[in-house]
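Visitor: Sequence plus the predicted model coming up.
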Amino acid sequence: MQWKTYPQAPTLIILVLCWISWFLSSKGNEYFCEVEEDFILDRFNLTGLNNEVANYSQALDLITDNLDDDIQDELRGSLDVQARLLYGLIHARWIVTARGLQKMLEKYKRAEFGRCPRVLCHQQPLLPVGLTDIPYEKSVKLYCGRCEDLYSPKSSRHGSIDGAYFGTTFPHLLFLVYPTLIPPKSGPSDTGSSNREAASGDSRSRRRRDEAEIAEGGGEDINTATVALKAERYRPKIYGFQLHETAKLQRWQEAVRDRQIARLEALEEATRT
Ligand SMILES: [Zn+2]
């Protein structure tokens, strides 16, 4: 492995770093884990990426620290963008391998992707997920295994990361491979006062949120039934396929929801006449 300095590194601590270490230590890249060099050097793992990345072979050389030093500065700048894209796309493939899952698991256990903001999730650590596997479409979201909902990262640095660098499969595959890590759906068994407080806090914040949503509607004649119909749900997928048990549960939940909406519509119809 060759060692180099990178001009983007702060001048005071110009250290010899390989590109991947430099990338991982840059601010805002905390969600990424290290892709092992032998995975990158196995061309089979990179199949098709040459069509996604401009200056593919030079970008690959940059990532693996094999780029010639006499490369022009203007090309180096654009190469850096391509190298980041390439690393991100390789990363999405790496984290669904056994070793990649292991590395992301360590980060998950340290809650490096943040924790669920929902009170009843009891600080459940989150996992990064993409809404699409195509780059430049959607930014990364954070999946909570407890409430099965998605959240946007708190920091704008993380909020602008491309979701395709994590892919749509990763968190669900992690729970499939490590089923003991699937968090319980209900809170801790101790029903102390803190739990009750948390519960009341949650209903309060939910009420506030509902009120805010109604206010956003501008006070027009908006009925509860139509608001309920609009709610979009996140569907966990592995390689594009819905998870069997989750799909079954979601169909049941949606049937219950639709019945409730029908009741609401009937009720609102009755109050109007
Ligand atoms: Zn949650």
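Guide: Ah, there it is.
Visitor: Every contact and neighbour count from this point should use C-alpha atoms.
Guide: Noted.
Visitor: tally of neighbours for the residue lying closest to Leu150 once chain neighbours are set aside?
Guide: In space, and not counting its chain neighbours, Leu150 is closest to Tyr143: 4.7 Å by Cα to Cα, 6 or more residues apart in numbering. Counted with other Cα atoms under 10 Å, the neighbours of Tyr143 add up to 25.
Visitor: Shouldn't Tyr143 be within a strand?
Guide: Yes - Tyr143 forms part of a strand when assessed by DSSP: H, G, I helix; E, B strand; the rest coil.
Visitor: Make 47 the first number, not 1, from now on.
Guide: OK, 47 is where the count begins now, so the last one is Tyr189.
Visitor: Settle this for me: it is touching Pro174, isn't it.
Guide: Yes - at 6.1 Å, Tyr189 counts as touching Pro174 under the criterion of Cα atoms under 8 Å.
Visitor: Pull up the overlap in contacts between the two.
Guide: Contact criterion Cα atoms under 8 Å, 6 or more residues apart in numbering; residues bridging Tyr189 and Pro174 by contacting each: Pro217.
Visitor: Return the list of strands paired to whichever strand or helix holds Pro174, each annotated with direction.
Guide: Counting by DSSP states H and E, the secondary-structure element that holds Pro174 is strand 172-175. Applying DSSP bridges to the sheet, strand 172-175 is found paired with strand 187-190 (antiparallel).
Visitor: Alpha carbons only: can I get the partner strand in CSV?
Guide: Included here for strand 187-190 are C-alpha records, laid out as CSV according to Å, rounded to 0.1, in the frame of the first residue of the first chain:
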residue,chain,number,x,y,z
LYS,A,187,-32.7,8.0,5.9
LEU,A,188,-32.4,6.3,9.3
TYR,A,189,-34.5,3.2,10.0
CYS,A,190,-35.8,2.3,13.5
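Visitor: what does the stretch 97-246 of the chain put close to the ion?
Guide: Contact residues (Cα under 5 Å from the ion) of the stretch 97-246 of the chain with the ion: 162, 167, 190, 193.
Visitor: Among those, which lie within strands?
Guide: Filtering those for membership in strands, criterion DSSP state E, returns Cys190.
Visitor: PyMOL command for the buried members of the residues of the stretch 97-246 of the chain next to the ion?
Guide: Selection of the buried residues among those in PyMOL, burial being defined by 16 or more other Cα atoms under 10 Å:
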select buried, resi 162+167+190+193
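Visitor: With respect to Asp111, which of the residues of the stretch 97-246 of the chain next to the ion is nearest?
Guide: For Asp111, the nearest member of those is Cys190. The distance, counting by Cα to Cα, is 36.4 Å.
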